[in-house]
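Novice: Predicted model, plus sequence, below.
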Amino acid sequence: MHGKTLKTLLGGAVLMAVLLLAGFAAPQWLLFTATKAIGYGIVALGIVVLMRGGVVSFGQGMVYCAGAYAAGLIAANWGLTDALVLLTIGGVTGIVIGAVVGPLIARYRGIFFAMLTVALSMVLYGVLVKMNQIGGSDGFNVPEPTFFGWPPDRDSADLALYCTAIVVAGVTAMLCRVYFDSMAGLMSRAVRENELRVEYLGTSVHRTMVLNFVVAAGFGGVGGALNGMALGHVDPLFSFWTTSGEFVFVAILAGPYSVAAVFVASIILELVRSFSNLYFPETWQLVLGAFLLAVILFLPEGIGSLWAKGRIIAPRTPRDDVTRSRAAEDRSTGGSRVATATRAARPTAKEPQA
Amino acid sequence: MNTFKRETSVRAVLAAGAAAAVMAVGATGALAQSEDTYKIGVVTFLSGQAAESFGVPAWNGGKVLIEKLNAGEGPAPYDKKGFGGLTIEPVVIDEAGGATKQVQEFRNLVQRENVDAVVGYVSSGDCLAIAPVADELKALTVLYDCGTPRVFEDGEYEYAFRTAAHATMDNVALARYMKEKGMDVETIGGINQDYAWGHDSWRDFTASMKQLYPESEVVAELFPAFGAGQYGTEISAIMRENPDVIHSSNWGGDLQALILQAMPRGMFQRSQVALSAGDHVMPPLGENMPQDVVIGARGAYGYMAPDTPLNQWWQKIYMDEYDVIPVQAPYRMAQAILGLKLAVEKAMEENGGQKPTKEQVAAALKGSSWESPAGQIEMALGNGHQAIQPTAIGRTMKNDEGKVVIGDIVRFNARCVNPPEGKKSIEWIESGFEGAQCD
């Protein structure tokens, strides 16, 4: 394992410990908001995984919803309420769906990929709305989760779920880091730059894309199961396109530089929404929109660029400027060979940092 | 109103930055509960499809009522200032955004804003999601409008109440009205929105018709998507079958569109149309509302409200302020607030004049009964947590001034159109309305 990866993992573990301790001091409402934001963040992390390969899914709601429904149905009907088991069920459901859908959808790029994912998520929405046995459009309630057989009382329930969420988010973020730094993960970046070249070098683009899709789907399922438990209720809106749109929002807000930024972006979005809803009940969408516009205008590369990007670009050398201008030249003339080569020579640039 | 909105918008944009800054510092807003105010969180649609039809009029009604109550201008027995002397302090939030967002905002209202009670929810999905959370947080919650009977038939809650009858009443009353008026029904068709509300309403209506008209037969059931807006195909399909009765539980823009598109095709001439919740489209449609439509209001509301002093007072304060007749949603909001008011005052009395706890108010509200502008509300179902109320059904017709109103009204006793305690709605209908008390 790279020394750098080890360092990031250690940093992640320390951060997790700090956040766990912070949970004991935080007010109750913040715990719940944080838990929900983490659930969203895990799903958005999946979109970041896909973005590294050059595609964006506007249909992550599908796996999010599937994970929530699978975990919720099992909890409600079989009485299996252990949080860890339910999260696993959510994740496995996502992976299974990803493995079925992935190979079909991985052949598409750009707007076609995006629209197909939306279409699939809306198919699931349509089916669930019609399934009146499980509540139709009203959805159904999910029993409160237990933790290794321990049913928490009212005062500790939010904290217990928050801690679970932190651990799950920490583990997924670190897995992400390891995956990003692995050979298979680095391949995504090559795919984004030049698919033809990757194929010539003897690797399957298709396999990389499928793998990314399955990883993203697994994250989506875990996020869905987590939010289903936190909310105590799931409904088909989990798979609606606006829900998927929110995940993309979080991913854009976070930017491609940092894994931690995804969670930061997610919680900021939740807080802005909640407070604007309270202070401007009639115009809260406008406030939310203005906030997103402001971020896009002033932080075009996302919240993560506030810290992660600075670290990469800070030691600016003349050579950097040369490569940058050469890359720009290449882009303007339509050629990308040199640009790809120079970027490949700097493998850490543009890499998400945990 | 418009300029006010515009100003708020500009202010909102300017304040967005400030708000974000406040959040960054982590303002918790955890204010101590005040001893001389009673803070209620009001959750209703302020944006989206249900805003214009239900959410906004409901809050308009709530606002003017709270104003009058705080000024101590209500008629007896609602003449004490605020809630037993406590000033009512509402915090309004938008119900749009789905159950996920609502659960989160509900928690914020309870845990961050420290409201004493939450009054809200039009959407059935939101009610189903909120009720268990209310119990979990031990937060007094009054569901004021939503329709699904599932809330208290599938669940049992201590802190959640619904102060209006559920949707079964609307469709049972519709069928009973036709029987009472001696209408001849052999074939039935329906156009309902393709979501839980539409399916549940259609199920209750057809089950009731089967009891009252055993020979009748369903010839067409159509479920266009929620918010479809275009009903040409459905109208053609249902008119081809030419049923005697066409039922629809559509509401808001969907209902207006259906009416406007069906009218030139002659649907209202060829079939008897019955709308289970249609009264609220009458003010916006005005003269475009067809006549001779059997219509319900989800209670004895608006055009069908009883002629009592309380109702006259309520209609006057509402019409003075908004210059339009209050329809179902404001009535439902009013009956929730009035019920809560009496419960708080009763609990206060038992608490020696001190501000009561949530548990004390819940105990006072449980199984209670009070007069609303639409008649007597009784918390008779769901172990004292679910209301029943009298209702009325009528037909649209022109009055002497040429305005379309509701006439030919038949009133139904609450126990005639609501199931008895402990019996699920659909089972009750299928048992032949066992135990129904019709006058």
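Specialist: Perfect, thanks for sending it.

Novice: Any idea how many residues pack against residue 35?
Specialist: All of this is about chain A. Using other Cβ atoms under 10 Å in any protein chain shown, A:Thr35 is surrounded by 27 other residues. From N, CA and C alone the C-beta is placed, and that goes for glycine too.

Novice: wait, chain B
Specialist: Around B:Glu35 there are 9 other residues, counting by other Cβ under 10 Å.

Novice: Just give the nearest non-adjacent residue to it, would you?
Specialist: Residue nearest to B:Glu35 in three dimensions, not counting chain neighbours: B:Lys355, with 5.6 Å by Cβ to Cβ, 6 or more residues apart in numbering or on different chains.

Novice: Please apply the same query to B:Lys398.
Specialist: Here the residue nearest B:Lys398, using Cβ to Cβ, 6+ apart, is B:Val404, at 5.9 Å.

Novice: any idea how far B:Asp36 is from the residue nearest to B:Glu35?
Specialist: 8 Å (Cβ to Cβ, to the nearest Å).

Novice: where do the contact lists of those two overlap?
Specialist: Common contacts of B:Lys355 and B:Asp36 (Cβ atoms under 8 Å, 6 or more residues apart in numbering or on different chains): B:Leu86.

Novice: between those two, who's got more neighbours?
Specialist: B:Lys355 (21 against 10).

Novice: wait, doesn't the residue nearest to B:Lys398 sit right on B:Pro283?
Specialist: No. B:Val404 is not in contact with B:Pro283 according to Cβ atoms under 8 Å; the separation is 9.8 Å.

Novice: Of the two, give the one with the bigger neighbour count.
Specialist: The neighbour comparison of B:Val404 against B:Pro283 (other Cβ under 10 Å) goes to B:Val404, with 20 against 16.

Novice: Please state the backbone phi and psi of the more buried one?
Specialist: When quoted as degrees, to the nearest 10, the phi and psi of B:Val404 stand at phi -80, psi 120.

Novice: per-residue confidence for it?
Specialist: Here the pLDDT value assigned to B:Val404 is 92.

Novice: Where does B:Met333 sit, in terms of helix or strand?
Specialist: According to DSSP states H and E, B:Met333 maps onto helix B:328-350.

Novice: For B:Phe205, the count of nearby residues, please.
Specialist: B:Phe205 has 27 nearby residues by other Cβ under 10 Å.

Novice: Excluding sequence neighbours, find me the nearest residue to it.
Specialist: B:Asn171 is the one closest to B:Phe205 (Cβ to Cβ, 6+ apart), at 4.1 Å.

Novice: Could you check how far the residue nearest to B:Lys398 is from chain A?
Specialist: Per Cβ to the nearest Cβ, to the nearest Å, B:Val404 is found 31 Å from chain A.

Novice: What residues of the helix holding B:Met333 count as buried?
Specialist: Across helix B:328-350, burial judged by 16 or more other Cβ atoms under 10 Å in any protein chain shown covers B:328-348.

Novice: Likewise for stretch B:197-207?
Specialist: Buried residues in stretch B:197-207, counted by 16+ other Cβ under 10 Å: B:Trp197, B:Gly198, B:His199, B:Asp200, B:Ser201, B:Trp202, B:Arg203, B:Asp204, B:Phe205, B:Thr206, B:Ala207.

Novice: Identify the residues contacting the residue positioned nearest the centre of chain B.
Specialist: By Cα atoms, centre = their mean, chain B has its centre lying nearest to B:Asp145, at 3.1 Å. Counting by Cβ under 8 Å, 6+ apart, B:Asp145 touches B:Thr44, B:Phe54, B:Ala58, B:Tyr121, B:Val122, B:Ala164, B:Ala329, B:Arg332, B:Met333.
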